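S.K.: with the input below, show me the fold.
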Amino acid sequence: MKNLVTATWLNEHLTDPKLVIFDAGMVRPGLPGQYQPHAKLPNALRFDFKRQLADLSSGLSHTMCSPEQFTEQMQLLGVDNDSLVVIYEDGGLFSAARGWWMFKAMGFDNVKVLSGGLAKWQSLGYLTQVEYSQNHHKGNFKARARVGYFIDTAAVFNGIDDDDVLLLDARSYKRFTGEMAEPREGMRSGHIPNSCSLPFAALLNDGEAKPLTQIKAAFEAVIDGQSILQFSCGSGVTACILALFADECGYENLHVYDGSWSEWGGRDELPIETGSCPAR
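M.R.: Numbers count the residues shown, from 1 in each chain. Sure thing, here's the model as predicted:
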């Protein structure tokens with residue numbers, strides 16, 4: 001797959017001077033504590049999209065920061081315009097795709113996700129280190145923001161009755177239908193009207209991507225000729241997994257709802273539905 005690299009490939013390219021490795025892991029919603037992985041990949045740096053790379057004024061968990069902020073942080077971390085960026089996390093695939101999409105949104109395409117993350121890396125017996133590495137040079141990275149990669153509530157609301165738009169929800173099916181309570185306190189249950197459920201976990205086997213033929217079939221089962229795809233989840237993280245795989249399948253015109261259910265479900269004036277996907 002064009003957006004993923006294997007642990008074997010990465011181990012063979014660790015000495016590439018253009019390689020930058022980021023850990024974009026996070027604590028899963030509803031669980032306590034801070035993200036503290038027991039081991040790190042060689043030369044790994046921290047990709048902190050909850051603080052250093054977030055718009056802290058938004059009132060939400062980790063909405064996308066400005067291009068200026070992203071540029072500043074990437075330069076401090078030693079990223080150059082010609083770097084090869086590989087993003088991973090401690091588990092399989094949950095939050096690493098968020099880092100991948102953020103780079104894409106900032107106009108940077110030479111970015112990959114490590115298939116299987118740290119867990120796969122360690123299962124193959126590859127070396128790790130205890131602490132994150134420290135960058136020792138300033139990069140020349142320059143963000144070139146792409147319009148529409150991240151969208152807001154208005155864009156989602158305006159797409160509800162647009163036949164060309166389909167919003168796919170990456171949360172579990174029972175959260176989508178409203179049968180299961182949200183992990184965030186005080187959040188309504190259900191989904192955005194006219195959206196469809198495509199749980200990110202249904203595209204994975206033990207944290208790694210299913211065969212591309214199966215992933216394509218999963219998308220084809222819910223897409224019915226729409227040319228604009230929007231992706232939502234709990235807080236704009238696993239929606240990026242759907243964006244990654246949609247891109248892998250060749251779909252275009254892809255948009256991640258940054259606020260996702262953390263925003264929509266918390267605003268009583270916005271419409272919601274419960275139950276299964278609408279008939280198409």
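S.K.: wasn't residue 10 part of a helix?
M.R.: Yes. Using DSSP: H, G, I helix; E, B strand; the rest coil, the assignment for residue 10 is a helix.
S.K.: which pLDDT value belongs to it?
M.R.: pLDDT for residue 10: 98.
S.K.: my guess is it meets residue 114, correct?
M.R.: Yes. Taking C-beta atoms under 8 Å as the definition, residue 10 is a contact partner of residue 114 at 6.0 Å. The C-beta positions use only the backbone N, C-alpha and C, and glycine is treated the same way.
S.K.: the more surrounded of the two?
M.R.: The neighbour comparison of residue 10 against residue 114 (other C-beta atoms under 10 Å) goes to residue 114, with 25 against 22.
S.K.: skip the chain neighbours and tell me the closest residue to the more buried one.
M.R.: Nearest non-adjacent residue to residue 114, counting by C-beta to C-beta, 6 or more residues apart in numbering: residue 88, 3.7 Å away.
S.K.: that neighbour and residue 9, how far apart?
M.R.: Residue 88 sits 12 Å away from residue 9, going by C-beta to C-beta, to the nearest Å.
S.K.: look at the two and report which has more neighbours.
M.R.: A direct count of neighbours by other C-beta under 10 Å for residue 88 and residue 9 places residue 88 higher, at 33 against 13.
S.K.: doesn't residue 39 make contact with the more buried one?
M.R.: No. If you go by C-beta under 8 Å, residue 88 and residue 39 don't touch, sitting 11.5 Å apart.
S.K.: who touches both of the two?
M.R.: Common contacts of residue 88 and residue 39, defined by C-beta atoms under 8 Å, 6 or more residues apart in numbering, comprise residue 118.
S.K.: list the contacts of the most centrally placed residue in the chain.
M.R.: Most central in the chain under C-alpha atoms, centre = their mean is residue 98, positioned 2.5 Å from the mean C-alpha point. Residues near residue 98 by C-beta under 8 Å, 6+ apart: 24, 49, 236, 237, 240.
S.K.: thanks again, I'm all set now.
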